[in-house]
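Peer 1: Here is the input, now give the coordinates:
(chains A, B, C and D)
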Protein chains: 2
Amino acid sequence: MSTIRDVARAAGVSVSTVSRVFNQSSLVKPETRRRVEESARRLDYAPNPTARALSLNKTQALGLVLPLTYNEFFMELVRGMDEAAVSLGYHLIITGSHNRERDTIEAISMLRSRVDALLVISPNVPSEAIAAALPTEIPVVSLFSPRYHQRDATFLVSNERGAGLAVQHLVELGHTRIGFITGPEANVDSRERYRGYLNALQDHGLPHDSSLVAPGSFTVPSGMHAMERLLRLSEPPTAVFAGNDFMAIGALKALHRHGLRVPDDVALIGFDDVPMAQLMSPSLSTIHVPIYDIGYRAVYHATELIAHPQTTDPLSVRFEPRLVPRTSTLGCSALSS
Amino acid sequence: MSTIRDVARAAGVSVSTVSRVFNQSSLVKPETRRRVEESARRLDYAPNPTARALSLNKTQALGLVLPLTYNEFFMELVRGMDEAAVSLGYHLIITGSHNRERDTIEAISMLRSRVDALLVISPNVPSEAIAAALPTEIPVVSLFSPRYHQRDATFLVSNERGAGLAVQHLVELGHTRIGFITGPEANVDSRERYRGYLNALQDHGLPHDSSLVAPGSFTVPSGMHAMERLLRLSEPPTAVFAGNDFMAIGALKALHRHGLRVPDDVALIGFDDVPMAQLMSPSLSTIHVPIYDIGYRAVYHATELIAHPQTTDPLSVRFEPRLVPRTSTLGCSALSS
DNA sequence: ACACTTCTTGAAACCGGTTTCATCCCACCA
DNA sequence: TGGTGGGATGAAACCGGTTTCAAGAAGTGT
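Peer 2: You can find the predicted model right below:
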């Protein structure tokens, strides 16, 4: 690869001039600019990003630490992030924490000083060690993470509100015995959804029966087990609200296995609206979370923070979910696509 | 952040010595090493990766260009790649081509000279422009890509063989009218699977009825439409082999809508075994592709190529798929999990 | 014709590492 | 005791850009 000095020599100018041409910057005589551009083209020259990074102390890269599980959910997020990053001239360096503290910290320290900002998703690991590992010299944006890890900006979902919508939907359909499948105990979203469930029951004047709450862990099998458990009750719920779509899918599987019909015997609603939800049969009613948008906005804000280092208070944005009623609660009466 | 010179000054040695200490390299007197390490710790020093990259002309990063669609499939691939990359001390810089030539080329040129090797997935875009855009100064590993884009190494799936397994399975179940839903015309995997289908029919002495082949594009809706089309035939197939799982899922949806039972009325088999396949009801029979392993191996090989620049002929590895029979072909007789 | 801006350009320092090559020191051997 | 070889260290060049600062060129007004 040819360097800036090659171009300078070929064009008969100094490196400073070549640099100026490539940075649109200050005034270079049009004639000179033309000559430089011509030489650059002939030599197939492109500025070396590494050298540029060293000189400017800017890498034009964003680091992303996320659990590479829950495939669909995070892929959608990454799509949004990539779209934003590319359009803003940044790169995304991705590395997976396996929801383990050690891996998360290691990822952070490998990324730090290699990126201009860090995006961290650590929903299941509220840990002091992680909080301490977050760099201070670059902006940190956290998503779906405990208050503990929040730094310059945080992007969250209005989980309580979303849970309220889910319960309200079921109540409006006439259900009074509404079960709930929780996510992992440590997970912030999970806890908020649970609280939303409880509050909504109260708002609608329904009694809280703790036997209707079954523990899960945001995975398909856990949803299946939780549903099995609810079905063993002497008086099972007529509707179940699962803390996320994956568990709802597990629950669906359990209901099928027991020969129960959804929604006739048991109505079912999930949370997140992963692309898969509408592909199940019956298609899964759920609470839509704008995953793609959240990713996009998070990256956008990260680059804002890079350009204008945090002067004001930390930002915290909550995205509003919305109800997406489908067959798993409405039945086939609604002949949707 | 403190620099190598700060440490040198603090320890009363030269920068060369500090550099040596941090590169395990040549002999430094133990006493000196101790002093340097001590100072480094006190100053919270860590070598600057950018400076290191510039000096060594190695970034310790791998570039990945892939279409960020087909969520589940690629996420699984990325998981494997990340795992390998981290364990080998590399970073993964991901950027999405949207299956568009322009975006792919742009991604390649942004990544090039920022990474030590390139991993490219461009299944749908056999383009001369892309082939020309591939850098020559670093290793290029391609996955699921047309011969056209193949360079130092290629990782592929034995699609013909896989298709053969699918057809054989259906034949063994007694089917003779076996439909096929194709993927995008330009897609390599799609074409190979189609060829495998045709060959297998011939091998089993079945006639080829071109009306049983419906075009799709590897997406859920396209699978649905293709199935609708097959159902409009005067004599529809009794079994359908879809070119990938997503289209099989679409076909399943179409069959449900028509009130047809799977597999009693129509048996269905897909290809890829994305995690979702076993979650459908009925669970989807399919041809398993070791997606995670392919990602892992591809990255591993990329780092091998970095360490020992290509001396031998280009490598081409085909992964062998295997049949995963589930309910969508077997029915409930097999009470699988 | 002269002093004074305003443009344009280049030399050199700098970013933070690695590496070559020379030097110094010391032990070892004749 | 003096020469020699090897181990430990440092000075300086280098990687490929950006940027400061100063100087030269060109243009303006009187």
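Peer 1: Let me see the contact set for A:Arg297.
Peer 2: A:Gly80, A:Ala84, A:Phe155, A:Val317 (CB atoms under 8 Å, 6 or more residues apart in numbering or on different chains). No exception for glycine: its C-beta is placed from N, CA and C like everyone else's.
Peer 1: please redo it, this time with the cut-off set to 10 Å
Peer 2: Neighbour list for A:Arg297: A:Gly80, A:Met81, A:Ala84, A:Val141, A:Leu143, A:Ala153, A:Phe155, A:Pro290, A:Val317, A:Phe319 [criterion: CB atoms under 10 Å, 6 or more residues apart in numbering or on different chains].
Peer 1: which of those tops the neighbour count?
Peer 2: Within the contacts of A:Arg297, most neighbours by other CB atoms under 10 Å in any protein chain shown means A:Met81, with 31 neighbours.
Peer 1: could you list every residue that touches the residue nearest the centre of chain A?
Peer 2: Chain A has A:Leu77 as the residue nearest its centroid, 4.6 Å off, counting by CA atoms, centre = their mean. Going by CB under 10 Å, 6+ apart, A:Leu77 touches A:64, A:66, A:70, A:119, A:121, A:143-144, A:289, A:291-296, A:298.
Peer 1: Spell out, range by range, the helices that occur in chain A.
Peer 2: Applying DSSP state H to chain A gives helices spanning A:4-11, A:15-22, A:30-43, A:49-56, A:71-87, A:101-111, A:128-133, A:159-172, A:188-203, A:220-231, A:245-257, A:291-307, A:327-330.
Peer 1: ok so, going back, read off the pLDDT value for the residue nearest to the centre of chain A.
Peer 2: You'll see A:Leu77 listed with a pLDDT of 93.
Peer 1: So is stretch A:109-128 next to DNA strand D?
Peer 2: No. Using CB under 7 Å from any atom of the strand, we find that stretch A:109-128 stays clear of DNA strand D, coming within 14.6 Å at best.
Peer 1: That stretch and DNA strand C in contact?
Peer 2: No. Shown here: stretch A:109-128 not in contact with DNA strand C (CB under 7 Å from any atom of the strand), separated by at least 8.7 Å.
Peer 1: quick one: buried residues of that stretch?
Peer 2: Buried residues in stretch A:109-128, counted by 16 or more other CB atoms under 10 Å in any protein chain shown: A:110-127.
Peer 1: Check stretch A:256-272 too.
Peer 2: A:Val262, A:Pro263, A:Val266, A:Ala267, A:Leu268, A:Ile269, A:Gly270, A:Phe271, A:Asp272.
Peer 1: for the residues you listed, which one is nearest chain B?
Peer 2: A:Val262 (10.1 Å; CB to the nearest CB).
Peer 1: Pull the contacting residues for that closest one.
Peer 2: A:240, A:251-252, A:255-256, A:268, A:280-282, A:284-285, A:327-329, A:331.
Peer 1: can you do 7 Å?
Peer 2: Applying CB atoms under 7 Å, 6 or more residues apart in numbering or on different chains to A:Val262 gives the contacts A:Leu252, A:Leu255, A:Leu268, A:Pro282, A:Ser328.
Peer 1: and the first one, what is it in contact with?
Peer 2: The reference is to A:Leu252. A:Val262, A:Leu268, A:Met280.
Peer 1: could I get the residues you listed as JSON lines with pLDDT?
Peer 2: Converted to JSON lines, these look like this (pLDDT from 0 to 100):
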{"residue": "A:Val262", "pLDDT": "89"}
{"residue": "A:Leu268", "pLDDT": "98"}
{"residue": "A:Met280", "pLDDT": "90"}
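Peer 1: which one of these sits closest to DNA strand C?
Peer 2: Closest approach to DNA strand C among those (CB to the nearest atom of the strand): A:Met280, at 52.6 Å.
Peer 1: State the distance from the closest one to B:Ser283.
Peer 2: 12 Å (CB to CB, to the nearest Å).
Peer 1: Between these two, point out the one with more neighbours.
Peer 2: Neighbour count, other CB under 10 Å: between A:Met280 and B:Ser283, A:Met280 has more, with 25 against 20.
Peer 1: Go ahead and confirm the more buried one touches A:Ile249.
Peer 2: Yes. Taking contacts as CB atoms under 7 Å, A:Met280 lies within contact range of A:Ile249: 6.2 Å.
Peer 1: related to what we said a few turns ago, same for DNA strand C: which of the contacts of A:Leu252 are within range?
Peer 2: Within the contacts of A:Leu252, nothing lies near DNA strand C by CB under 7 Å from any atom of the strand.
Peer 1: residue in chain A nearest to DNA strand C?
Peer 2: For chain A, CB to the nearest atom of the strand, closest residue to DNA strand C: A:Leu27, 2.7 Å.
Peer 1: could you check whether stretch A:55-73 is close to chain B?
Peer 2: Yes. Stretch A:55-73 is in contact with chain B by CB under 7 Å from any CB of the partner chain, via A:Thr59, A:Leu68, A:Asn71, A:Glu72.
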